[in-house]
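**Student:** Need coordinates for the below:
(4 chains)
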Protein chains: 2
Amino acid sequence: MNKSEAISGQAANETSDLSKARLRAWLQILKVSRKIEGELREKMRLEFGSTLPRFDVLAALYRERDGMRMSELSKSLMVSNGNVTGIVDRLVAEGLVVRMPVENDRRASIVKLTKAGEKDFAERALVHEGWVSDLFSDLSSGDADALIRILRNISHHNEAP
Amino acid sequence: MNKSEAISGQAANETSDLSKARLRAWLQILKVSRKIEGELREKMRLEFGSTLPRFDVLAALYRERDGMRMSELSKSLMVSNGNVTGIVDRLVAEGLVVRMPVENDRRASIVKLTKAGEKDFAERALVHEGWVSDLFSDLSSGDADALIRILRNISHHNEAP
DNA sequence: CACAAATATTTTAAGTTTGAAATATCTGTC
DNA sequence: GACAGATATTTCAAACTTAAAATATTTGTG
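**Tutor:** Just a heads-up that it's a prediction; the model follows:
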């Protein structure tokens, strides 16, 4: 019996209880996030005739009212560059955002909410927050704080790996 | 000032602190689940030359060794029917699963792991659990239990709505 | 200044995902 | 037994997503 077996009481190729607990935690995160995302996607489609990825881009731009570069957007949303290109294209077609040239750098462009984009998002964000609160109506204030604390730990450990 | 204003001290169209805490919790869930999914996707691609959706289907079939119907698969994975069709098509092409006719119901089919599928998945599942445990290495046993408890609450409230 | 390396973005191909329509089959009712 | 409605799955178009290749531009170095 090797050292880790002596400690854990398991054969070397078996996985620990802790490892299994973490796997269960991950599967539960995945389950909740799929369920909630599905609900929000449907509401978004039925109420706003729009999609979650577009909402996410609008939300990012609403926080940075001066606009963001494509690369800042994709980093902030944790999706690929090419992905953002398509979403922004559609938001431009809808008249909710504009692409503007960047002074002294003709490679880059700044994406910015239009007036219509600001107005639309402000309205949608309120409704969205209500949906989320309803979907999480069993989540007490204390549990919300605990959840946020635990998840932030995980986030930070996996920050920029 | 109306009753809810008197209680919350906020104008009627503002959202409550609890609502905001729930929104933050949801955004944190989303952030962690995107980050972890991205990491796992990359490892899956580099180490196994495969994808997460395929892994998910194999995992479901590994739990139900007698096989599952397409509709059972899509309900279990919480994805659409049409989605499962494509994933299973690719797994069939790889020789990891088979489609079998259902006695007395020619509309349906049972999807089942092949021997190769069982063997491949068993190996991959161990490695996968290791990856997850590493990504969650800051998650203590107690926090894992708390996380699971809180997320199950949310799941149950949104069960089949 | 030339030009290699770096950076910002778009394009592309393949895969995933959805929601709706289409197809095939089954079940209950008359 | 006919056949309307229900059920199981596939097909389809559109959108999303990634990773890699391509394009355009900037920056640093000799």
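**Student:** drop to CA atoms for contacts and neighbour counts, all remaining ones
**Tutor:** Fine.
**Student:** wait, does the strand or helix carrying A:R24 make contact with DNA strand D?
**Tutor:** Assignment of secondary structure by DSSP states H and E places A:R24 within helix A:17-43. No: for helix A:17-43 and DNA strand D, the contact criterion (C-alpha under 7 Å from any atom of the strand) is not met; the two come no nearer than 9.9 Å.
**Student:** how much does the next helix or strand after that helix deviate in direction from helix A:17-43?
**Tutor:** Heading C-terminal from helix A:17-43, the first helix or strand you meet, by DSSP H and E, is helix A:52-63. Using axes from the mean of the first three to the mean of the last three C-alpha atoms, to 10 degrees, one finds that helix A:52-63 and helix A:17-43 are set 90 degrees apart in direction.
**Student:** Check which helices and strands helix A:52-63 sits against.
**Tutor:** On a contact count with 3 or more C-alpha pairs under 8 Å, 6 or more residues apart in numbering or on different chains; DSSP states H and E, helix A:52-63 meets helix A:70-77, helix A:81-93, strand A:105-113, helix A:115-135.
**Student:** so how far is it from its chain's centroid?
**Tutor:** Remark: helix A:52-63 is offset 10 Å from the chain centroid, using C-alpha atoms, centre = their mean, to the nearest Å.
**Student:** ok, and does that helix reach over to DNA strand C?
**Tutor:** No: Helix A:52-63 lies out of reach of DNA strand C by C-alpha under 7 Å from any atom of the strand, never closer than 10.9 Å.
**Student:** how about the helices and strands packed on helix A:52-63 in a markdown table, adding distance to B:M68?
**Tutor:** As requested, the helices and strands packed on helix A:52-63 are exported to a markdown table (distance: least, C-alpha to C-alpha, whole Å):
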| stretch | distance to B:M68 |
| --- | --- |
| helix A:70-77 | 36 |
| helix A:81-93 | 34 |
| strand A:105-113 | 47 |
| helix A:115-135 | 30 |
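**Student:** Tabulate those (CSV), appending distance to chain B and mean neighbour count.
**Tutor:** Converted to CSV, the helices and strands packed on helix A:52-63 look like this (distance: least, C-alpha to the nearest C-alpha, whole Å; neighbours: other C-alpha atoms under 10 Å in any protein chain shown):
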stretch, distance to chain B, mean neighbour count
helix A:70-77, 9, 17
helix A:81-93, 14, 15
strand A:105-113, 21, 17
helix A:115-135, 5, 17
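**Student:** got TSV for these, with mean pLDDT and distance to B:R106 too?
**Tutor:** Supplementary listing: the helices and strands packed on helix A:52-63 in TSV, determined by pLDDT from 0 to 100; distance: least, C-alpha to C-alpha, whole Å:
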stretch	mean pLDDT	distance to B:R106
helix A:70-77	97	45
helix A:81-93	98	41
strand A:105-113	97	53
helix A:115-135	97	39
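**Student:** who wins for proximity to A:I148 among those?
**Tutor:** Minimum separation from A:I148 across those (C-alpha to C-alpha) falls at helix A:115-135, 15.0 Å.
**Student:** Let's see the very next helix or strand once past the closest one as PDB, backbone CA atoms only.
**Tutor:** The C-terminal neighbour of helix A:115-135 among helices and strands, as given by DSSP H and E, is helix A:141-157. Presented in PDB, the C-alpha positions along helix A:141-157 are these (Å, rounded to 0.1, in the frame of the first residue of the first chain):
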ATOM      1  CA  SER A 141     -30.300  36.400   1.000                       C
ATOM      2  CA  GLY A 142     -27.900  34.400   3.200                       C
ATOM      3  CA  ASP A 143     -27.700  31.600   0.600                       C
ATOM      4  CA  ALA A 144     -27.100  34.100  -2.200                       C
ATOM      5  CA  ASP A 145     -24.200  35.500  -0.300                       C
ATOM      6  CA  ALA A 146     -22.800  32.000   0.500                       C
ATOM      7  CA  LEU A 147     -23.200  31.000  -3.200                       C
ATOM      8  CA  ILE A 148     -21.400  34.100  -4.400                       C
ATOM      9  CA  ARG A 149     -18.600  33.600  -1.900                       C
ATOM     10  CA  ILE A 150     -18.000  30.000  -2.900                       C
ATOM     11  CA  LEU A 151     -18.200  30.600  -6.600                       C
ATOM     12  CA  ARG A 152     -15.900  33.600  -6.400                       C
ATOM     13  CA  ASN A 153     -13.300  31.300  -4.700                       C
ATOM     14  CA  ILE A 154     -13.600  29.000  -7.700                       C
ATOM     15  CA  SER A 155     -13.400  31.800 -10.200                       C
ATOM     16  CA  HIS A 156     -10.300  33.300  -8.600                       C
ATOM     17  CA  HIS A 157      -8.500  30.000  -8.600                       C
END
